[in-house]
Structure formats: structure tokens, C-alpha cells
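> dropping the sequence and predicted coords here.
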Amino acid sequence: MVKKIARLTALLLVVFSFAAHAQTGRVTGTVSDRATGETLPGASVLVQGTTIGTVTNMDGRFEFSAPAGEITIVASFLGYDPSQRQITLPEGGTVNIDFELFADITTLEEFIVIGYGVQRREDATGSVAVVGSADFNRGNITTPSELLMGKMAGVQITSGGGAPGAGEVIRIRGGSSLSALNDPLIVIDGIPVDSRGITGMRSALSTINPNDIETFTVLKDASATAIYGSRASNGVIIITTKKGKEGQPLRLNYTGTYSLSTNAKTIDVLGADEYRNVINQRFAGRDNVTGLLGPASTNWQDEIFRDAFGHDHNVSATGAFRNMPYRASLGFSSHDGVLDTDNMTRTTFSLGLTPTFLDDDLKVTINARGVNVNNNFADNGAIGAAIMFDPTQPVTTGSDEFGGFFAWVDENSGIPKPVATSNPVALLQLRDDVSTVNRFIGNAQFDYRMPFLPQLRANLNLGYDYSSSDGEVTVPDYAAWSLVRGGQQVVYEQEKKNELIDFYLNYASDLNFLDSRIDVMAGYSWQHFWDRGSTFDTNFENNLGQQLGLNDGFRVFNDTRYETEYFLVSFFGRLQYNMMDRYLLTFTVRNDGTSRFVGDNQWGLFPSAAFAWRLDQENFMQNINAVNEMKLRLGWGITGQQDIGAGNYPALSRYTRNIQGAYYFFGDRQIPTLRPEGYDENLKWEETTTFNVGLDYGFLDDRFNGSIDYYFRETRDLLNFISIPAGTNLTNAILTNIGSLENQGIEFSINTRPVVTSDLVWRLGLNATYSETKITKLTLSDDPEYLGVLVGGISGGVGNTVQIHSEGFAPNSFFVYQQVFDENGNPIEGLYVDRNGDGQITDEDRYHHRKPAADYFIGLNSTIEYRDWTFSFAGRANIGNFMYNNVSSMNGELSRLYRPEGPYLSNITTDAFNVNFNNARYLSDFYIQDASFFKMDNISLAYNFSNFLQNGTNLVLSFTVQNAFVITKYDGLDPEIAFGIDNNFYPRPRNFVLGVNLQF
Amino acid sequence: MKKIINLIAVLISTSLIFTACIGDLDVIPLDERVITSATVYDDPAAYEQVLAKLYAGLAVSGQEGPAGQADISGIDEGFGQYLRGLWYHQVLTTDEAVIGWDDQTIKDFIYHAWGASDVFVTAMYSRIFYQIALANEFLRQTTDELLNERGVDAGLRAQIQVFRAEARFLRALSYWHAMDIFGNVPFVTEEDAIGSIPPQQINRADLFAFIEADLLDLLDDLVAPRQNDYGRADRAAAWTLLAKLYLNAEVYTGTPRWADALTYSERVINEGGFTLEPEYAHLFMADNNPIQNPGFNEVIFAIRYDGIHTQTWGGTNFIIHAAIGGSMNAAEYGMDGGWGGLRTTKNLVNLFVETDNRGMFYTDGQNLEIDNLSEFTDGYAVVKFTNMRRNGTPGSNLAFADTDFPIFRLADVYLMYAEAHLRGGGGSLEQATAYFNAIRERAFGDDSNNIGSGALNLDRILDERARELYWEAHRRTDLIRFGRFTGGDYVWPWKNNVREGGATNAIYNLFPIPAADITANPNLTQNPGY
């Protein structure tokens, strides 16, 4: 027997060597992932049109003989676009080709993550969108949400401003709520995290290192989200982090970015000379005004903004140790803000282990990630102050007073004027506002396949999310605005904990007799959120103000402590039924209990049902070759929102003790007070019913693919903060379940590859969303006179609002007076349309006019790969969104020039002379401006040095311009500000980013 | 078999976990500052602390000063503070004050142009009914039945009896404000539980009868005049309130009660033991209380402030800050700066002769005429209230005033006596003239400006009330009683949004029931004209 084999081998060798000598040459090389540089073991490499070829080994290398001459070699791998290369193979010679494959967007995620499990992409019945790391936005990314901005239909992400790590507003299909939280539920590696922020952190999400994220899965419709029950009304974002892969050799990866941020735009205000002229003209003869002018010429906005540098370094090691794949990463970044003194420094680590035991029956996933963030917060008040500050005043005076900074001082008393604008530079330089945040998120997941019944799996997930933060604000006692107070020293801290236990059983089996497959899951979840915190605010002992007789010395201004918690206990289940791979049914149900409500309202039931029909699998479609995917989806479900923004005990009758400044004196006795709180013991969650109909399509081998969805959502028992009949409760307005609200919209996405050649691939992706939200009910009685709830506070005056929630209108609709214009189109000051015709202009003449939410959101991405070059850009457009220009309404009128309450001088915007208002007209619709825009979010060029220095080492260099340009009619700083009121906005900088990725 | 046992074990243990975890849903607040109603009265001190909240409800805006944990919502905390709201309604709508700010609809108060959606009107109304609801809750929580249940001892019980009378007094005070400002209002008492059905509207005359009866009923439970802690209501405060009711009874009910007005004024004067403060200015200073100045004995009932411990953006802190602007030196008034808002009209200024020490105006750089409402220097500034102590040092905090606000004081009662007499309420003309002259003597430092009894008439009373009581939140009620608030018989700058002043519609004698409550409570009918 052995002999036979030996003989056969010898024969084969002879044949091969003969063949090699006769007509063949050798083809060698590697196949790797273009984006990550990782080699791809098991990729197939073939001569086109033949079966000659091989698969790559563990190192991604291949070697085989092929016929000599002009041949085309094709490398392909599941989840990647095939790549081909024409070569001339000399007889007996060797040609080395390295293939770099592009991840195929459409098939990248063979399995998609859904709540409590994964699902084959083809089996999905809900509206689910996935963005993988290959498609993330590039550039100076400080918070994970920036990675997917503009990438998905129906998902709108608006950053809170240009500060490093700034918070964001994420809306999936608009908001389903008015006063409750509208943020989606975020689930990190199976742990639903607390949506409320962390004290001392600009954004809770920015505690996650964006480089550790593998995919974002967004569950949009109720049939997908209902498994998360009472927290799912605003959609769910599941973040999956990168893991090691089985059998992978050690790979090291370094990613670094170096960025330069510049302030892209400033507000046009009067220059010093112009300002001096205006004051001297308008206040001629009034020495008390003109005498306030200073001798200097200062551009205050230039003084506070700077070019800022940032850098970000990440090292990761991925591999497998025996049966234990691992990934470990270390990241460090430091980003300065364009506002002087602003900085965020972040150090992160992560460790992921995915070992298997017991013949692969037990799969364990352990994730641990930690972050340490140090913030240096600049006083954002400097932004508004720089617009207002008198340009004729110097930054510094040369004296030692007030730290050397100019301040408006009462000439009689020598005390800084409390209502006058503070010196913007002093605000930045004298205020020290730092915080340190540490966060740990870890989970251990055990997935056990029952040996006696392999169709049955038990899954236990234990999660723990802990953060602690502390911060300190220090303002010296000599700072002008702090002199009377005696300086400021605030120490605050917070500790948060989120513990999770999930357990579910999953039974999945083929039902051959029905040509079907069934997948049943039932589980239980317990989650506990706890947090406590404190703030301690004092002035300084023996402070300067005390010496001047301005205060009585050391004093505690604020000494607050709190501790609070809530629990969520849930039972959930899902049934998926797949018949003939054509008809797919999904039912889910979740029964959620929350400690936030009392009695029967503690529990809520959230069901969903969905049906999908894979038309492409039908016989009648088999002959239509152009269509490779066609799936119709129908879904319905009910979800809830229990994060109602009223604390953790909104339904309990409570008494609250006073804190500082709210004692009352009986004689000489200082009595603490106890306040009984108003409450609604019948408070419960909001319920949102969603209908969704969608179509997934793919044509010409997925050359064109995408989906289209229509959704309709209705939120009932909408929590509204309404006036209660006076005298019937211990407050004047209460949060209660009273209204309803509707959202509907259409989402469309298409990904195409218009050009695919061996050298050049062009990918183009477009997504568009139409969205409409309307409040349908707000009160118990149907009082036609009821206007709604005033919202949208502005700067200027006190308590002025420009928005309203009203029945029949979009939330936050602007609510203003209708400006009258003269024949030249200029607004006539103080003249409004008497809309109710009662002959006078009163509060009742305000009307609903536009809204801040866009009607259409469009995202556009393009990537062109030519050989080793990659050029890409990503842009977004919002259409139909309006903005209240508060910068202009506040600073664009002439009475701002001289502020008698100080008195002090204030600068105005240059448009004030065009508008020509002599007094503030905050509520004129003149300031409601069209803020539709197109933004080029980033443009990037990258070059890939494959086999850099040595084989298997990959270097990618990239250059990215972020926030490259904006096209808009809007006059203000930025047309994209969440909630539509432009005031004191931290400008989004333009970033120039150099990126390095080295893999070996 | 083994499998089944395993399975059963798993089921049992998991169901145990589930049960334990479901129990987690019934939580009690962790924060020791948050107390549930089930346990709050375990502490005997709680009764006084809840009562203190009733008083504090007039002084501050929430459980943190100057702002934070607001009592009512929908308005800036400072605007929604009780005294500031009362001041806006009673002073800013009259010839006593104008304001320069663009805060929401505030200038409509000057113009007599407010509407039913006005936030300031809504806030005042909410504040009034917040006070009423607090008082009702206190009365519900201190019934004999509940006190028995809690085993409250006799000593505390006696105190609680007084607390209850004070709570009812405070409720009567707020109901009086409601009746005076809004007319026919919803009516709730301790009989109506929290979260109950919308209350019925009570007509003004019936509410008058309720307040009157309630006050008469609680009088005996109150502490004798000047025997309670300063700042808490005593019997004299209730008498004064009764006198106020009766003096305005014709406006409220159509039936005058002059004799009753005189009777209760007389009781305050004769049985109260109050004396005029020799220095008028001392009444409005940082140490205007008998704790710091033991001889201080004119104020019958005050809203108390402390620059450190009782802070607000409303109250006297607002009145003093807002009145400082232009070339004024804030430090001279004990403040850290001015807000440059409040001034007065020439109508008030022209009531004073030079030697009247009550005419406390700042005129340097100020114009008597008001061309531009938004310009602080148009109109004289008023420096009546300050945060300076008698000895010339500032109050405890430059940023927040210490100054108490007198709700009722003896000089007002003197003038009420005089007016009630002139209107036929009895008493004697000599006595009325004597009271009138007592005030004049203080104002001028001697009797040179005293009047003879023949010269005492109603017009003089109204003018004297303005001179003596301006900015003390009486003017609107006084002008209405004299028929000079709306209409064109008496005008002042910027009334009806006209520089020289114009006639306004009589509907503005009452403020509207806020639209928010009309919506919330289907039992309510709006006041005519709104």
C-alpha cells in the first residue's frame, strides 16, 4: 500500500515537472484585505475560465503552476469583491502577484447582529442597516458617531459642535417623543448602555475608541427593535467591537492620524474703526457713551480661536493563541479644540478573547475595554462674548488688576460691572475647567450548545459598565467676573454603574418535512442602573473681594449630593420561521418591567410581527438573471420609551428638602424647608406602533443594490408636560401620558459600482430619507384655543422662546410674529401682521412658521480605487430645515451698541445696518432662515504601499480634508445645529488630516 | 432521567432568580434628601419645615436659591417667583413703574395689553394656586385622625394647631390675590385630593365670603399680635387682611363694607401694638427686621429675605437690582451691579414736594420724561429699596439682597382707616386726620406739612397712598378701587402704548384666566373681553 502511494507520487511529480518544463510557469503571491491589510487565508486564486488554481494558506500566500502565456488570474474570497490581473507568464518562469481585495459592502456581513442573537442577512425581516469598518468615515474621528454620519438612510447624526469629542444628537427616523428621550438605545457588545451622559464628559459615546469598532448595526423598524421593548421606540444601535479570528497568525496594526484644525468661519462684526465711528456718530454729544470707547483695535474672534493640532495613535494585536483568538488594542489621542485652551486626551485599551471549549460546544466571548479621558474645557461663553465685545478695548491693560485683562469696571466703585460682557480671552485663560473620566465596559458571554440536543443553545451574558468621573473648575478671585463672589472652586464627581444579566435559550432546527427552518429564542434580562454624584462649590478663603469688602469671605455656594437607581426586568422571546427560503416570518415579544413606575404600570408588553418574501428565490424569477436579490418586507410592532426624563421616581409621592439659598427665617431661626412634590401615580411609558414596508434589491450581481422602506409610526400615551387644572396638584404642570404623535417617512438607499475594471473600481452610494413628524394630540380636552407647549429658549431678554409643540404641527415648530416688509423688501421694524385681526399686535398674533427638522436628508459616498490609490468623498444634504438666527437677532440691532444697564458697549453684526432695527425684535420671523445645506464632510486620498519594506507589511498613507465646504443660503455660522437655534455655537473646524496605517 | 433532573434544577433556580429580581422593581429612593410621604412625618420637625415651605413659597422660587428645583415650570424661575409676579401685576401696570427689558411679553403690562397666554400672567396664577395647593396639602396631612395615627404628643399638637391656622391664613392671602387679580377662579380646599377632578369655578363674591369666613374662623388659633416668630403670621396679619378685603369689598362683591374695614383697621391699630418706624427709609433696608433692630415695629407681615440663605432672582433682590442703572453706583445700594430695568413715571414723581423724604429718586443723568421705554435713563430711577444697612454697610451679600418686603405695615392701615372713615365706615374724622398726619410728620420730619381735618378727602388719600406705599404692591388695587386704573380719566406715560398715555379698556381691570387653565379645566369660563 505504501509502495503504491510512493509510486503514484513519483509519477505525479514526473508529470508535473514535465508539465512545468513543457508549458507552464509558477504564479505566487498573497491575498490580503485592502482596507485592513490583513491577509486572507482560504481565498481562491484561479486562472480565469479554468479550474487551474489553488487556495491561499494560513499566511494568505499562494503558489501554483499555470499555463505559460497571456493569462488572467482571479482572486476571490467570500465577502470580498473578486479581483483579476492579466499577466504574461513566461515558460518556466515565476510571476509574483499580490492581490488586495475590497470588502464587498453588500455581502460583508454574512450574518447580522440582531438583539439577542445573529441572523443570516437573507433571513432578516426587519429594517436593519449595517455599516462595517471598511465604510466608516475617515479623518479626525473623536467620537464613534462620526464614523457613520451620512451613511444610512433614516439615521441622522448632528454633532453638537466643533469641540473635540463633542456630543451628538442621533435620531433614527426622527423622534418619537416630545419630552421623553429621543435618543436611540445603544448596545455595546450586548450591553444596553445608559443613554444619559457622564458628568465631565462631552459625550458618553466618546468614551469608546472609534478604532475598536467593527460594525454598527442599526435596527430601525419595530419588528427589529421590539425585542428591546420599552427602550426601543427610537431605534437601536448595536455596536460590535473588533475580535480576533480563529487560526489567525499574529498581526500588528498601527493606525495614526495627525490633524490640523482651523476655524472655518467667523461672524461678521464691526471692526474697531468702524465701531468707533458708529458710536461717535450715534451718540454724538453724549460723553457718558462715547467716553466708554477704548483706544485699541481688537478682533476678539481672532483672539479666542486658534489653529489646533490633534493626534491619535492606535496599536492593535490580533491573533489566536491555540483555541483562543484574541485582539488587544491600545489607543492614545490628544485633540485640541479650535477654541483656545480646549483639549481632550484619551487613552483606551481593549482586550477581546473568544476561546472555545468542549469541542466547540462552549463558546466564550470576553470583552474588556477601559478608557481614561482627560478634558480641558474651554468656557464656551467666550464664543458669544467675542462677538459682542467692544472691539476698541484691549485684551490686556498692562495693569495687574483682573489678571491683567481688560474688564468693564464701574468707575465709581472700581467693581466690575456684573451684567457687562466678560472679556472673552480672560474667560478662556482664567477659567480652569478640567475633568477626568474613567470607564470600564466588560462582558462575558457563554454560549453553550447542548451536546445531547445540538439544536439547542443556552446563552448567558454578564455585563458591567462602570464609570467614574471627577472634575474641578477654578476661577481665581481676581478674575473680573468672580471678584465679588470671591473666586470659584467647584469640585464634582460622579459614579455610574450598569449591571446586566441576560440569559436566553435558542432552538434552531430544520424542519425537513415542511422544507422549513425554525429558530426559537426565549430569554430573561435583568439590568440595574445606579449612579451617584456630588458637587461642591465654594469661593476662596481670604479672597480679594473680601479684602475689598465685597463679600464675607469663605462661603459654600453649592453642596449637592444625589444617589439614584432603577431596575429593568424583562422576559422576551422570538420565533423565526423560514419556509423554502422564500417565506420568512418573525414574531417577537418582550415583557418589560421597570422600577420607574408603580403598580400595574410597571409592566408593559411589546409585541412585533414581520413577514418577508424572497421573490428572487421564486421559480418565476429564476430566469431573470439581472435580478439577484429581491425581498419584500412587512413589519409591525409596538415599542416603548421609559426614559421619560423625569428622574427615577416620577410616580412616587415625595418630599424634597431644600438645599442652599432656599431656607426661610422664622424670627432668627433658619428653617430648612420640605416641599411635597407633584406627581402622577398613573404615569407609564409611551407606546409607539410602527408599520414598515420595505424592499431589498440587488441587480446585475449586486452591481446595483439597496433598499427602499416606507414607515409609519404613531406614539400614543405621549408624555407631555401639560398644565394641570390649577390647584389640583402640587405643581402647575405635570408630565403625564396624554398626547400622540405621528412620524412617517420614506428611506431609499442605493450602492452601485459604476466602473469595475482590473485597475479601477468606483463605488457610489446614495441614501435619501424623507421624514415628517406631526403632533396629533396634546391635551385631554380638545380645546381649539390651546396653543401648545412653548419651547426653544433663546438668548436675549429672559425667558423668550421661539418654538412650540402644537397639535397638527411638527415638534419644535417656530412660533413667531409675521414680519411686514417695505416695498424694497426690507423689514419694517416692529411691524407685524395682525393675524387675528383684532387691531393690535399681541401674543395672539404669533403663528407657526417652519420647523428645524429637515424634510429630506441625503447622504452621498464615493470611492474610486485606482491601483494603489484610493480617492473618496462623503457629503450630506439636508433640505427643508430652518434655523432661528439668534446671533443676528441678539447682536444685529442698533440698541445693542450701548447697554445702559452696565453701562457698557457691545459690538453688533455688520448685517445690523441692512436690517436697521433700533431695538431687539427677537420674535420676528425675519430671523427664521432657510438652513438647507450640502456639506462635503470629507475628501480623502490614500496610497497603499503594499509589501512595504518586507513581504506582508502594508503601509497606507492618507490625506483627508474634513468639513471641506458647505453650500447653503444660511447667513449664520453653520446651518446644521440640532433643534434649530443658532446661538453661541462652537464652530465645526475644517480639519486637515494625515493618516498612517501600518500593518505587519 | 439525569437530563430531566438537570432541567428541573435549572428551572427552579432560574425562577428563584426571576422572583427576586422582579422584587427589585419596587424601589424606594436612595437619596436621603428625597423622602416619601409615608415617612416624612416620622420626624416631628417636619411639620414646621413643611410650614416653612409655605412661607418660602412667597419668597423664593424653588428648593435651591437663587434658582434650581423650581416649584413651578414653564417660566424663568426669577419671573415666576411669587413676589416678583405680584409686583409686576400690582406696580408695573400702574403709574409707579416702567421696565426697559424685552423679556417675553413684559412690556404688555405697561401697555395694558396682556393676553390669556401671557407667561407672566400664567406664572402669577400658577404661583397663587401652588400656594393654595401647598396649604391644602398641609391641612390634609395634619388632620386629627392622622396625628392620632402618628401618635403625635400634646405639645407638638398644640403647635400644629397654630401651624394649621397659619397655613389657612396663607391660603386666604393667596385666594385674596387670586380674587383681586383674576376675579372668578377655580376653588379647591383640603377636601379635594391630589390629582382629583378639575375644580369648579367660584364667583368672586362667593370667594370673598369664603376668605372672610375662613379668616374669622382661624383668628383665635393664631398667635396674638407680635408674639409669633417674626416672619410668621399672627392675629394682626389676619385682621389686616380682613381690613383689605372689606376696603375693596365693593369691587369684589358689589357691596361696600366700609364699617368692617374700619373695625379691623382699628383693631390692628389699637390692639396690635405696632408703632411707626421713625425713619421711613429704614423700612426698606437690608436690616429692616426686629431681629437686627429690636425697635423695628411697624411691619405687620413681611416676606423675609437673607442674602445668603434665602436667595431669589425675584423678590426684593429683583426690585433693587432692576432699579439700578445709568450712572448709579450700585455699591451705594449694597449691590454688585444693576440690571438697568425699572424706573418710574413723572406721575409718581410729581406727587412729591422736595421736602418729602419719601420721594427717593435718582435723577442724575435721568430724564423725567420717557421717550424710549428701553432706555434706562428715560424716567427717574427709584432708590426706595436698598441692600444697605442703617449703619451704612451693605447687606450680607452684594449679589442677593437681605431686604424683607413688607406686605402689611401700620402706615397702610392708618390710611385704610382714614379712607374707610371718609367713605362712611364710621370712626372719627379727627382720628382719621391724626393717622394721616402721623404719616406726614414722619415724611417731612415735622408737622409743617400736616393738614387740617377739613382738607382730608379721598383724592388726598389716594395720592398719599402712592407717596407712602409706592412700589409696595398696592397701587393697582388702589387705582381700581378709585376707578382710575383703566379708561382714560387717569393716564400716565406709556399706558396703552402711547408716550403720553392713553385710555385702556375696562376689561384690563381683571387679568384673564390663563389659557393653559382654560384648556386644562373645562369648568372654567374666561373673564369678559379675553
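Structure received.
> ok, the residue of the stretch 351-500 of chain B found nearest chain A to residue B:428 distance?
Here the residue of the stretch 351-500 of chain B nearest chain A is residue B:376; by Cβ to the nearest Cβ that distance is 3.9 Å. Quick note: C-beta positions are derived from backbone N, CA and C, even for glycine. Distance of residue B:376 to residue B:428, computed by Cβ to Cβ, to the nearest Å: 47 Å.
> poorly predicted segments of the chain, please.
Just going to use chain A. Residue ranges of chain A with pLDDT under 70: A:1-22, A:35-36, A:79, A:103-110, A:951.
> chain B is the one I meant
B:1-22, B:33-34, B:196.
> so who does the residue of the stretch 351-500 of chain B closest to chain A touch?
Residues near residue B:376 by Cβ atoms under 8 Å, 6 or more residues apart in numbering or on different chains: A:900-901, B:100, B:325-326, B:340-341, B:343.
> briefly note if stretch A:820-839 comes near chain B.
No - using Cβ under 8 Å from any Cβ of the partner chain, stretch A:820-839 never reaches chain B; the gap is at least 9.7 Å.
> buried residues in that stretch, which are they?
Within stretch A:820-839, the residues scored as buried using 16 or more other Cβ atoms under 10 Å in any protein chain shown are A:827, A:829, A:831-832, A:834.
> quick check: end-to-end length of that stretch?
15 Å (Cα to Cα, to the nearest Å).
> one more: stretch B:40-50?
10 Å.
> count of neighbours near the closest residue to chain A within the stretch 201-350 of chain B?
Per Cβ to the nearest Cβ, residue B:340 is where the stretch 201-350 of chain B lies closest to chain A, at 2.5 Å. Neighbourhood size, residue B:340 [other Cβ atoms under 10 Å in any protein chain shown]: 26.
> and the stretch 501-650 of chain A, which of its residues are near chain B?
Looking at chain B, the residues of the stretch 501-650 of chain A close enough under Cβ under 8 Å from any Cβ are A:503, A:524, A:526, A:528, A:532, A:549-552, A:555, A:561-567, A:569, A:593-595, A:598, A:602, A:648-649.
> in TSV: the buried residues of stretch A:820-839, plus secondary structure.
What follows is those, written out as TSV (DSSP: H, G, I helix; E, B strand; the rest coil):
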residue	secondary structure
A:827	strand
A:829	strand
A:831	strand
A:832	strand
A:834	coil
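> which element, helix or strand, includes the residue nearest the centre of chain B?
Nearest to the mean C-alpha position of chain B, by Cα atoms, centre = their mean, lies residue B:83 at 4.5 Å. If you go by DSSP states H and E, residue B:83 is part of helix B:82-87.
> got the contact list for that helix?
B:57-59, B:78-79, B:120, B:123-124, B:127-128, B:131, B:177, B:303, B:312-316, B:318-319, B:405, B:471, B:473.
> in helices only, show me the residues you listed.
B:57-59, B:120, B:123-124, B:127-128, B:131, B:177, B:315-316, B:318-319 (DSSP state H).
> turn these into JSON lines, including neighbour count and distance to chain A.
Shown next, in JSON lines, are those (neighbours: other Cβ atoms under 10 Å in any protein chain shown; distance: Cβ to the nearest Cβ, whole Å):
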{"residue": "B:57", "neighbour count": "26", "distance to chain A": "9"}
{"residue": "B:58", "neighbour count": "22", "distance to chain A": "9"}
{"residue": "B:59", "neighbour count": "28", "distance to chain A": "6"}
{"residue": "B:120", "neighbour count": "25", "distance to chain A": "9"}
{"residue": "B:123", "neighbour count": "28", "distance to chain A": "8"}
{"residue": "B:124", "neighbour count": "28", "distance to chain A": "11"}
{"residue": "B:127", "neighbour count": "27", "distance to chain A": "8"}
{"residue": "B:128", "neighbour count": "25", "distance to chain A": "8"}
{"residue": "B:131", "neighbour count": "25", "distance to chain A": "10"}
{"residue": "B:177", "neighbour count": "24", "distance to chain A": "13"}
{"residue": "B:315", "neighbour count": "29", "distance to chain A": "12"}
{"residue": "B:316", "neighbour count": "28", "distance to chain A": "14"}
{"residue": "B:318", "neighbour count": "23", "distance to chain A": "11"}
{"residue": "B:319", "neighbour count": "26", "distance to chain A": "15"}
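> let me know the closest of those to residue A:685.
Set against residue A:685, the nearest of these by Cβ to Cβ is residue B:123 (30.4 Å).
> check contacts around the closest one.
Neighbours of residue B:123 in contact, by Cβ under 8 Å, 6+ apart: B:72, B:74-75, B:79-80, B:85.
> quick check: the farthest pair among those residues?
Longest span within these, Cβ to Cβ: B:74 and B:85, 12.7 Å.
> neighbour count for those two, which is higher?
residue B:85 (24 against 21).
> could you find the closest non-adjacent residue to that one?
Closest residue in space to residue B:85, ignoring its immediate chain neighbours: residue B:124 at 3.8 Å, by Cβ to Cβ, 6 or more residues apart in numbering or on different chains.
> the one you found contacts residue B:88, correct?
Yes - using Cβ atoms under 8 Å, residue B:124 is in contact with residue B:88, at 7.4 Å.
> so after the helix or strand hosting residue B:135, what's the next helix or strand?
Using DSSP H and E, residue B:135 sits within helix B:119-141. With elements assigned by DSSP H and E, the helix or strand that comes after helix B:119-141 is helix B:144-149.
> and that following helix, C-alpha only, in CSV?
Extracted in CSV, the C-alpha atoms of helix B:144-149 (Å, rounded to 0.1, in the frame of the first residue of the first chain):
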residue,chain,number,x,y,z
ASP,B,144,-56.6,64.9,64.0
GLU,B,145,-57.1,61.5,62.5
LEU,B,146,-53.6,61.4,61.0
LEU,B,147,-52.0,63.0,64.1
ASN,B,148,-53.6,60.3,66.2
GLU,B,149,-52.3,57.7,63.8
